[in-house]
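Novice: Following is a predicted model, sequence given first.
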Amino acid sequence: MSSFKVFDIAGSGLSAQSVRLNTVASNLANADSVSGDPTTVYKSRHPVFQAIKAGVGAAKSDAAVRVTGIVENHAPPTARYEPGNPLANDEGYVFAPNVNVIEEMVDMISASRAYQNNVEVMNTSKEMMLATLKLGQT
């Protein structure tokens, strides 16, 4: 396996965590949106990751993380009685999305730390390669 493969692996992790951060941002941005119809209310979204194992021998030796898709949470929306709201249905209810702000904040912190760890892996690998090149300069 090439020494430069670590950059591909960490890069795939950076890309995956970036998607995760974007979906969390979207969920948080829509947490307070309401609708008069439970079928049209915003549903929280979450990325689905797949780990790609490195091959052995002559097989393709890729190891990475891939985002295979973004799924919507199918939990029912929260109905709130607000008859004065212009979006309220005939019974006076508006429907709020199924976004749990606390869980989203925890997910954002986790994704941010994972992103930082991948950046640190790249920086450490770069420093090790530079130190290896300096060994022959004496």
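Specialist: Looks like it arrived, so ask away. Numbering: from 1, shown residues only.
Novice: List the buried residues in the longest helix seen in the chain.
Specialist: Taking DSSP state H as the criterion, the chain has its longest helix at helix 101-135. Within helix 101-135, the residues that count as buried by 16 or more other CB atoms under 10 Å are E104, D107, M108, A111, A114, Y115, N118, V121, M122, S125. For the C-beta atoms, the positions are set from N, CA and C on the backbone; glycine is no exception.
Novice: For the second one, give me its contacts.
Specialist: Counting by CB atoms under 8 Å, 6 or more residues apart in numbering, D107 touches R20, V24.
Novice: mind giving me CSV with the buried residues of helix 101-135 and columns for pLDDT and distance to S44?
Specialist: CSV is the format used below for those (pLDDT from 0 to 100; distance: CB to CB, whole Å):
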residue, pLDDT, distance to S44
E104, 96, 8
D107, 97, 10
M108, 97, 13
A111, 96, 15
A114, 96, 19
Y115, 96, 20
N118, 95, 25
V121, 94, 30
M122, 94, 31
S125, 91, 35
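Novice: to the chain's geometric centre, what's the distance from the longest helix of the chain?
Specialist: Using CA atoms, centre = their mean, to the nearest Å, the mean C-alpha position of helix 101-135 is found 15 Å from that of the whole chain.
Novice: For E103, see how far away the residue nearest the centre of the chain is.
Specialist: Centroid-nearest residue in the chain: R20, 0.9 Å away (criterion: CA atoms, centre = their mean). With the distance defined as CB to CB, to the nearest Å, R20 ends up 13 Å from E103.
Novice: And the strands in this protein?
Specialist: Using DSSP state E, the strands of the chain run over residues 45-52, 64-72, 78-81, 93-96.
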